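A.B. asks: everything below, folded, please.
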Amino acid sequence: MFTRSDKGSKQGQIADLDNPVLPAPVWVEEIRQEMRALGDLMRLREALAVANRDIERYRIERDKLIRTIQAERSKVMELEVVIADMMRRKT
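C.D. replies: You can find the predicted model right below:
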């Protein structure tokens, strides 16, 4: 198959090498499918890592907001006590 022949053009010989006459064995397609599946798994793994990072960030933001709300609530309660005391003194 790879004997040197001066017949035909170089481009034709290169085209013959690029397009083999024999079909690819079945195991080659199986390996290609496995490689695609592994690529899909890697992309899914990366997407899951990003989703987990986002969830953790949202959890931290939620906890921060809860603490802020609790602090504001305690301030409101203190103000209500002060206002109630002022109202009692006036009467």
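
A.B. asks: helix, strand, or coil at Val81?
C.D. replies: Under DSSP: H, G, I helix; E, B strand; the rest coil, Val81 falls in the helix class.

A.B. asks: count of neighbours near it?
C.D. replies: 10 (other Cβ atoms under 10 Å). Yep, even glycine has a C-beta here, placed from its N, CA and C like the rest.

A.B. asks: contact partners for it?
C.D. replies: Applying Cβ atoms under 8 Å, 6 or more residues apart in numbering to Val81 gives no contacts.

A.B. asks: report pLDDT for it.
C.D. replies: With respect to pLDDT, Val81 scores 95.

A.B. asks: quick one: it from Ser74, how far?
C.D. replies: Taking Cβ to Cβ, to the nearest Å as the measure, Val81 falls 11 Å from Ser74.

A.B. asks: going along the chain, name the helices of this protein.
C.D. replies: Taking DSSP state H as the criterion, the chain carries its helices at 10-18, 26-90.
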